[in-house]
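1. generate a structure from the sequence data that follows.
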Amino acid sequence: MKLLAIEETKKSIAQIAQMAKNGPVILTRRGKPMVAVKDLSGKDWESISLASNPEFMAIIENSRRSFRLQGGIGIDEVRKQLGLKSRSRRRPNSRKTTRS
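-> Got it, this is the predicted structure:
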């Protein structure tokens, strides 16, 4: 992740977009985050739209809360019942913050 102070940068939108291919670029104003620029290459419009939709995200969170409180069938069990291989769990990447 890179941080760019809007007041100090001379970078164009195209340059910032290019930087975002290596990780999110956070534009700051007076040291506070203002805008995030993220590479969306390879993503579909529906996924992008849903991920930024507060109503959809509320539905997902309510579903997760219900699963935690009341239980249910986890994805591994569903895959097992359907005769599918379990997906290996990905380890989160360690993220570095750099300033430009």
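
2. is Ile26 located within a strand, as I assumed?
-> Yes. The assignment for Ile26 by DSSP: H, G, I helix; E, B strand; the rest coil puts it in a strand.

3. list the contacts of it.
-> Listed by C-beta atoms under 8 Å, 6 or more residues apart in numbering, the contact partners of Ile26 are Met1, Lys2, Leu3, Leu4, Pro33, Met34, Val35, Ala36, Val37. Glycine gets a C-beta too; all of them are placed from N, C-alpha and C.

4. where does confidence bottom out across these?
-> Lowest pLDDT within these is found at Met1 (91).

5. shouldn't that one be in contact with Gly23?
-> Yes. Under the criterion of C-beta atoms under 8 Å, Met1 makes contact with Gly23 at 5.3 Å.

6. still on that earlier bit, in ChimeraX, select just the buried ones from the contacts of Ile26.
-> To isolate the buried members of the contacts of Ile26 in ChimeraX, using 16 or more other C-beta atoms under 10 Å:
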select :2,4,37
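
7. any chance of the contacts of Ile26 in TSV, plus secondary structure and distance to Leu69?
-> Putting the contacts of Ile26 into TSV (DSSP: H, G, I helix; E, B strand; the rest coil; distance: C-beta to C-beta, whole Å) gives the following:
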residue	secondary structure	distance to Leu69
Met1	coil	34
Lys2	strand	39
Leu3	strand	38
Leu4	strand	42
Pro33	strand	33
Met34	strand	36
Val35	strand	36
Ala36	strand	32
Val37	strand	37
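
8. CSV for the contacts of Ile26, including distance to Ile16?
-> Below are the contacts of Ile26 laid out as CSV (distance: C-beta to C-beta, whole Å):
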residue, distance to Ile16
Met1, 13
Lys2, 9
Leu3, 12
Leu4, 7
Pro33, 14
Met34, 13
Val35, 9
Ala36, 11
Val37, 5
